[in-house]
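Asker: Below are the sequence and a predicted model; questions follow.
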Amino acid sequence: MKMITALVRPSKVDAVKSALVALDIVGMTVSDVRGFGRQKGQVERYRGNEFTVEFLLKSKILVVVDDAKVETAIQAITEAARTGEIGDGKIFVNSVETAIRIRTGDRGDSAL
Amino acid sequence: MAFVPLVSGGFTPLTVFDRWRRRFLAGVQDPQLRRSAFVMIGIAAGLAPLMAGAAHAALPKAVNDGADTLLMLIGSALVLLMTPGLAFFYGGFTRSKNVLNTMMMSFFLMGLIGVLWVVIGYSLAFDSGFKSPFIGGLGAMWMNGVGGEFGDAPLADGFNLSASSFALFQGMFAIITPALISGAIVERVSFKAWFWFCLIWSLLIYSPMAKMVWGGGFLGPFGSIGAIDFAGGTVVHIASGVAALVAAAIIGERSTWPNSKRPPHNVPFILLGAGLLWFGWFGFNGASMFAAKTAGYPFLTTTTSASAGLLAWCLIEWFKDGKPTAVGAATGAVAGLVGITPAAGFVYIPQSILIGALTALACFIAVQIKAAIKFDDSLDTFMVHGVGGTVGALLTGILAAKSLVSADYFPLSAKIMEEGGNAGLFIAQLKAVLFTYGFVGLGTALILWFLKLFMPLRVNVNDEERGLDFVAHGEEAYDPMTN
């Protein structure tokens, strides 16, 4: 069982969601985050005062999948979120010990 | 540049303008110089009547009633507030990355049209220098001669209010009308194209429309059609609605439409905006009575119609979907206000409730149709202002009370009602509506096609994705790092 953390452009969240649902991967958590990688920040001006905003808005997508689906899920996210420009984001993969569905107490893959 | 001898030689400002334009263009071939020549000619055209001095005849002396003039001044302030109100109303509907750009499309016009109106817009709408039923003249540029030496000279046509307060009041209408158009094309239009569009549209479409309806021109009660429009059903609402429809069609849909559209980012903004619009509409309709003593009726009909529109929209939703919505309440109120605008001073209270409810119903149906055919009039400008204005203008013909359409101020319309009753007036209203659709629709399309030769009308897809607040203004509305 693996947890996939994808940091993507906010405008690509819908595309990623559709791509994962098409693979029958249901259930994800999305949050607004700010951060930076290779992409430079942006300069904003308010009444003549300049502000360099280093942290740009991204979306963090969390999905947990069973081991068999990890590669296809990564591929789907990569294809859906890519524009080819700097700032497309990153994907991280962790191992997950177990998962528990609160309502039933199910454990392991059946809880996903 | 010496204009004085030319002007005192008996030329009208227009011929002076034309002569200098030709002289300049004959000598100037370099494109950069040519461009600056255009700017200089523009400035020169503005200055000519100032230097002419006696270009505008003194207005005849009549009684200036303090209360009537005060009504206009209060009305002007109220109508001005509608523009930031509209900015909030529209801003609430968009994505948070586009809210500043959306609000600027309205707010900015308080600067652009505010200046344009006193320089030339008012003159094109309400001067009579060209002796044309379609456009005014150049004699009142820079407010030349408007209101006399102390700004207290009354209007020439029998209203007891100062000409300066009238010009101010009309200026507020000129500001909000193009602002209304923005709703159909937000989240994708380039701000530069918007700037030029508003400037040209205001001069070539708005001012002639105001002349034709209110300035003694073609469509109005002193012209050929005899339609009545109390506070701008055709001039403001149908005109902005039709322009919005055409602009949305030419500029095209948002890249996210219709598959990944988002709900409004701030519904409280929408309610705030609708509330400010309602408040300002008292000035819009009420002060259009031009007489303080009798302004009670248009004030009343305005608010009863808005109430009826709000109620009707919510009840329809309640029956149809099981829940009345806040956005629906705001939209219904605005629909009711749009509907009563052409009728406010011509109907009694029961009729105003009927107009509010019927307009809300018509707009509700129009919005459903828009959603079904997936046309990206983003914030329903045509569906509310175009459809609502049309329904209001036609209902004005059907429901206007003969006693309220006085022969002194509306001679041709009163005659039409005498001969053909409300059916006759309905035909006149229908003609005016159809004329407005044709004139504004074609004019708007021509302006946009012309602008397209010089600049892209919309931003590219990447900028659209990034959000127009940063792309067009270098700002963001909400900084998530602040806490």
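Answerer: Happy to help now that I have it. Numbering: from 1, shown residues only, chains lettered A, B, ... in the order given.
Asker: So which elements touch the longest strand seen in chain A?
Answerer: What stands out as the longest strand in chain A, according to DSSP state E, is strand A:56-65. The contact analysis (3 or more CB pairs under 8 Å, 6 or more residues apart in numbering or on different chains; DSSP states H and E) places strand A:56-65 against strand A:2-8, helix A:13-22, strand A:29-35, helix A:70-81. C-beta here means a position set from N, CA and C on the backbone, and glycine is covered the same way.
Asker: Chain B: which of those is closest?
Answerer: helix A:13-22 (4.6 Å; CB to the nearest CB).
Asker: Do any residues in the closest one lie close to chain B?
Answerer: Yes. Helix A:13-22 lies within reach of chain B by CB under 8 Å from any CB of the partner chain, at A:D14.
Asker: Kindly export that helix (C-alpha atoms) in CSV.
Answerer: In CSV, the C-alpha atoms belonging to helix A:13-22 read as follows (Å, rounded to 0.1, in the frame of the first residue of the first chain):
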residue,chain,number,x,y,z
VAL,A,13,-6.7,19.3,-10.2
ASP,A,14,-9.8,18.6,-12.2
ALA,A,15,-7.8,16.8,-14.9
VAL,A,16,-5.9,14.7,-12.3
LYS,A,17,-9.1,13.8,-10.6
SER,A,18,-10.7,12.6,-13.8
ALA,A,19,-7.7,10.6,-14.8
LEU,A,20,-7.6,8.8,-11.4
VAL,A,21,-11.3,8.1,-11.4
ALA,A,22,-10.9,6.6,-14.9
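Asker: Give me the angle between it and strand A:56-65.
Answerer: 10 degrees (axes from the mean of the first three to the mean of the last three CA atoms, to 10 degrees).
Asker: List the residues that contact the nearest residue to A:G37 once chain neighbours are set aside.
Answerer: Nearest residue to A:G37 in three dimensions, chain neighbours excluded: A:K90, at 6.7 Å (CB to CB, 6 or more residues apart in numbering or on different chains). When contacts are counted by CB atoms under 8 Å, 6 or more residues apart in numbering or on different chains, A:K90 touches A:A6, A:L7, A:G37.
Asker: same check, this time on B:T303
Answerer: Contacts of B:T303 (CB under 8 Å, 6+ apart): B:W278, B:F282.
Asker: element containing it, please.
Answerer: Using DSSP states H and E, B:T303 sits in helix B:296-321.
Asker: that older thread, quick check: angle from the longest strand of chain A to strand A:2-8?
Answerer: Relative orientation of strand A:56-65 versus strand A:2-8 (the same axes, to 10 degrees): 160 degrees.
Asker: Centre of the chain to strand A:56-65, how far?
Answerer: 2 Å (CA atoms, centre = their mean, to the nearest Å).
Asker: ok, so what distance separates A:I77 from A:I4?
Answerer: 7 Å (CB to CB, to the nearest Å).
Asker: err, A:L23, not the other one
Answerer: 12 Å.
Asker: shared neighbours of the two, anything?
Answerer: A:A73.
Asker: Can you report phi and psi for the closest residue to B:M383 other than its chain neighbours?
Answerer: Setting aside the residues directly before and after it, B:M383 is nearest to B:A366 in space (CB to CB, 6+ apart), at 4.1 Å. When read as degrees, to the nearest 10, the backbone of B:A366 gives phi -60, psi -40.
Asker: cool, and B:L71?
Answerer: phi -60, psi -40.
Asker: That one: how many residues sit nearby?
Answerer: Other residues lying near B:L71 total 24 when counted by other CB atoms under 10 Å in any protein chain shown.
Asker: Quick check: closest non-adjacent residue to it.
Answerer: The nearest residue in space to B:L71 (CB to CB, 6+ apart) is B:A292, at 4.4 Å.
Asker: Helix or strand: which one has that neighbour?
Answerer: Going by DSSP H and E, B:A292 is not in any helix or strand.
Asker: Do I have it right that it meets B:D68?
Answerer: Yes. Between B:A292 and B:D68 there is a contact under CB atoms under 8 Å: 5.2 Å.
Asker: who's in contact with the residue lying closest to B:K370 once chain neighbours are set aside?
Answerer: Closest residue in space to B:K370, ignoring its immediate chain neighbours: B:M383 at 5.2 Å, by CB to CB, 6+ apart. Counting by CB under 8 Å, 6+ apart, B:M383 makes contact with B:C363, B:A366, B:V367, B:I369, B:K370, B:D377.
Asker: Could you look up the SS state of B:M383?
Answerer: Assigned with DSSP: H, G, I helix; E, B strand; the rest coil, B:M383 falls in the helix class.
Asker: and it, how far is that from chain A?
Answerer: 26 Å (CB to the nearest CB, to the nearest Å).
Asker: swap in B:A306?
Answerer: 36 Å.
Asker: count of neighbours near that residue?
Answerer: Applying other CB under 10 Å, we find 28 residues neighbouring B:A306.
Asker: Isn't it up against B:W278?
Answerer: Yes. If you go by CB under 8 Å, B:A306 and B:W278 touch, sitting 5.5 Å apart.
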